[in-house]
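K.L.:
Sequence first, then the predicted structure:
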Amino acid sequence: MSSTVDRFHAAVTVLAGEGRMKKRLLKAYTENLGDIDQDDLPIAAREPFADLQSRMRAVAPLHTESRVYASVRKMSKRDASQCSAIVLDIYSELVRQPAAVGVPAPVEDAADIPAFLVKSVS
């Protein structure tokens with residue numbers, strides 16, 4: 001999952017960068033998100049990701065352009081902004097999941113953990 005988190009982080013970084021919104025969205029999706037399997041995402045992120053994929057592949061391509069390129073080309077600025085917001089929302093969901101970023105889950109009762117497994121903080 002951390003690879004998926006890294007890919008969404010990279011996409012968000014592209015979206016926050018310079019340039020036109022639709023070009024940033026195209027780059028963020030094609031370079032980082034286009035080949036992610038939604039089964040690699042937590043359940044809460046699967047539906048928004050399916051929505052994003054649908055929006056990013058909605059338009060049939062002309063000539064040699066890709067389906068994603070054609071879809072972004074036909075988007076309004078508002079549609080592109082909404083897709084960018086979906087990417088950010090999914091990334092936020094991923095980083096809220098402790099296992100997704102390598103942060104140990106909180107332990108309710110440390111007394112149940114053997115002493116040799118407890119890591120000193122100091």
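P.N.:
Good, I have the coordinates. Numbers count the residues shown, from 1 in each chain.
K.L.:
Residue 74 versus the residue nearest to the spatial centre of the chain, what's the distance?
P.N.:
Of all residues in the chain, the one closest to the mean position by Cα atoms, centre = their mean is residue 8, 3.5 Å from it. Separation of residue 8 from residue 74 (Cβ to Cβ, to the nearest Å): 24 Å. C-beta here means a position set from N, CA and C on the backbone, and glycine is covered the same way.
K.L.:
for residue 65, what are its contacts?
P.N.:
Contacts for residue 65 (Cβ atoms under 8 Å, 6 or more residues apart in numbering) come out as residue 73.
K.L.:
and it, which of the three is it?
P.N.:
At residue 65 the chain is in coil, as set by DSSP: H, G, I helix; E, B strand; the rest coil.
K.L.:
Could you measure from it over to residue 8?
P.N.:
From residue 65 across to residue 8, the span is 25 Å (Cβ to Cβ).
K.L.:
quick one, helices of this structure?
P.N.:
For the chain, applying DSSP state H gives helices covering 2-15, 21-28, 43-56, 67-74, 77-96.
K.L.:
So for the worst-scoring helix or strand of the chain on mean pLDDT, what gets flagged as buried?
P.N.:
Least confident helix or strand of the chain, by mean pLDDT, DSSP states H and E, is helix 2-15 with a mean of 93. Buried residues in helix 2-15, counted by 16 or more other Cβ atoms under 10 Å: 4-5, 7-9, 11-12, 14-15.
K.L.:
Over to stretch 39-49?
P.N.:
Neighbour-count burial for stretch 39-49, counted by 16+ other Cβ under 10 Å, picks out 41-42, 45, 48-49.
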